[in-house]
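[1] Take a look and give me a structure for this.
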Amino acid sequence: MTFQFTHPLWLLALPLALGWVTWLAWKTDVQIQTWRRWLAYGIRTLLVTAMVLALAGLQQNKPQEGMNVYFLIDRSQSVPAAEQSTAQKLLASAEKQTTDKAGLMVFGADAGIEMTLTPAALQTNTIQTVVGADRTDIAGAIRLGTAAFPEIGQKRIVLFSDGNENIGDAVQAVMAAKPLGVSVDVVPLGTQGGGDVSVQRLAVPGTVKKSQPFDAKIFALSDREQPAKVRLFRNDQLLGEQMVSLAKGKNLFSFPQALGQAGFYSYQVQIEAEGDRIPQNNRASGFANVRGDARVLIVSSDPQRDAPLAGPYAAPSLRLNWVTLRRCPARLLASRRSTQFS
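    Have a look, this model is predicted:
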């Protein structure tokens, strides 16, 4: 059993504190029995010593359980197959103590557990877990690894990746894992080449009104500065294209839109860059639903007499219809939201 202090400088105050307690005990004028004097001196000494040790941050070092390690291998298309194979061979030959446990995860657009924590050697000859290879979500893999650790034991993640993430934020995932006692080490893979461009997402509002202006926002990621061509499609029809200058890292482009007809619209975006190594991740889709004009049905036995009822509904965005009570279908009355009878 060993101990340590988080603020050891406070220990310098212990001799002074004990000296003060001793001086106080022998200089007091209170006349008490000798054994009572010694008892008071002992209690004061213990209290002062405990206070100084608490200020010094006394801690007991408990023996740690074995190390729990999850290896995360990037299986996205941006990592060459040869690099992935090298990572698998390194894991197969990794050495560990008898109390250590290791597990294996693979990731791309999503992440999966190939092998849970085990004291046995990792079998990496064939990987059965299938993940999407057209994207790289390092943050999601780190979160999965963090959640898979047991409460007891040291926790470490070893990440094999080229670092070209286009989903999530790996730095935030690492910062979130740190307070949970999880450390993250990185082994770079397939960093040569470069030139990858990917579309992270195409953002359009899910529901809009007729003729309401909005922006189709394109979030793109590039690993270097380079020119590119952006094409936007609506319902498989080309709306337009423009040349853009991609900055290294995240990029945002907007296409102003307005839809005059009610209905469901699908949007697609495509980015083309010369020398792009993975064109499969250069597309994204989004969907918008345009609501039509609101309709008001007035059922009246005398439309001329009840014409003032239409006053509150006289608006360009409302479609007003009149019908007599005899000609009104019963199913409309059964499903009505609001009905006024006159």
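
[2] all contacts plus neighbour counts: C-alpha atoms, from now on.
    Noted.

[3] wait, F107 sits on A141?
    Yes: F107 lies in contact with A141 (Cα atoms under 8 Å); the separation is 6.2 Å.

[4] where in this protein is pLDDT low?
    1, 29-30, 61-65, 95-98, 190-195, 293-295, 301, 310-320, 322, 325-342 (pLDDT under 70).

[5] Just to be sure, P303 is in a strand?
    No: the assignment for P303 (DSSP: H, G, I helix; E, B strand; the rest coil) gives coil, which keeps it out of a strand.

[6] What's the separation between it and V296?
    Distance of P303 to V296, computed by Cα to Cα, to the nearest Å: 14 Å.

[7] end-to-end on stretch 163-181?
    End to end - Cα to Cα - stretch 163-181 spans 23 Å.

[8] buried ones in it?
    Neighbour-count burial for stretch 163-181 flags 163-167, 170, 173-174, 177 (criterion: 16 or more other Cα atoms under 10 Å).

[9] what comes into contact with that stretch?
    By Cα atoms under 8 Å, 6 or more residues apart in numbering, the surrounding residues in contact with stretch 163-181 are 78, 109, 135-140, 142-143, 146, 154-155, 183-184, 188, 191, 198-200, 221, 223.

[10] Overlap in contacts, F107 and A141.
    With Cα under 8 Å, 6+ apart, F107 and A141 have common neighbours L72.

[11] which residues touch I113?
    For I113, the contact set (Cα under 8 Å, 6+ apart) comprises 104-106, 129.

[12] What of L72?
    Shown in contact with L72 (Cα under 8 Å, 6+ apart): 104-107, 141, 157-160.

[13] bridging residues for it?
    M105, L159 (DSSP bridges).

[14] Just the closest of the contacts of I113 to K229, please.
    V106 (32.8 Å; Cα to Cα).

[15] Give me the spatial nearest neighbour of the closest one, chain neighbours excluded.
    I73 (4.8 Å; Cα to Cα, 6 or more residues apart in numbering).

[16] picking that back up, so which of the buried residues of stretch 163-181 are in helices?
    170, 173-174, 177 (DSSP state H).

[17] you'd agree Y265 is in a strand?
    Yes: applying three-state DSSP, one finds Y265 inside a strand.

[18] if we can go back for a sec, and the residue nearest to V106, how far is that from S161?
    6 Å.

[19] residue ranges for the helices of the stretch 101-250 of the chain, please.
    For the stretch 101-250 of the chain, the helices defined by DSSP state H, counting those that start in this stretch occupy 138-148, 170-177.

[20] what about the longest helix in the chain?
    Assigned via DSSP H, the chain shows its longest helix as helix 34-55.

[21] Tell me how far the next helix or strand after that helix lies from the chain's centre.
    Sequence order places strand 58-61 as the next helix or strand after helix 34-55, per DSSP states H and E. Taking Cα atoms, centre = their mean, to the nearest Å, one finds strand 58-61 lying 36 Å from the centre of the chain it belongs to.

[22] okay, now the domains of this structure?
    Using automatic domain parsing, the domain parsing of the chain gives 2-61, 67-188, 197-291, 294-334.

[23] Can you tell me which of these is most buried?
    Most buried of the domains of the chain, by mean neighbour count (mean count of other Cα atoms under 10 Å): domain 67-188, with a mean of 18.

[24] F219 and A170, how far apart?
    Per Cα to Cα, F219 is found 17 Å from A170.

[25] Which residue is the nearest non-sequential neighbour of D302?
    Using Cα to Cα, 6+ apart and skipping residues adjacent in sequence, the residue nearest D302 is T324, 7.3 Å away.

[26] contacting residues for the one you found?
    Counted by Cα under 8 Å, 6+ apart, T324 has contacts 299-303.

[27] and the gap between it and A307?
    Relative to A307, and taking Cα to Cα, T324 is found at 13 Å.

[28] re earlier: can you tell me which of the helices of the stretch 101-250 of the chain is nearest to Q280?
    Taking Cα to Cα, helix 138-148 is the member of those nearest to Q280, at 18.5 Å.

[29] Could you confirm E274 falls within a strand?
    No: assigned with three-state DSSP, E274 falls outside any strand and is coil.

[30] Without its sequence neighbours, what residue ends up closest to it?
    A228 (7.3 Å).

[31] what bridges to the one you found?
    V244.

[32] contacting residues for it?
    Shown in contact with A228 (Cα under 8 Å, 6+ apart): 243-246, 271-274.

[33] Roughly how far does it sit from E272?
    6 Å.

[34] Also K89?
    36 Å.

[35] Distance of E83 relative to G292?
    From E83 to G292 the distance is 54 Å (Cα to Cα).
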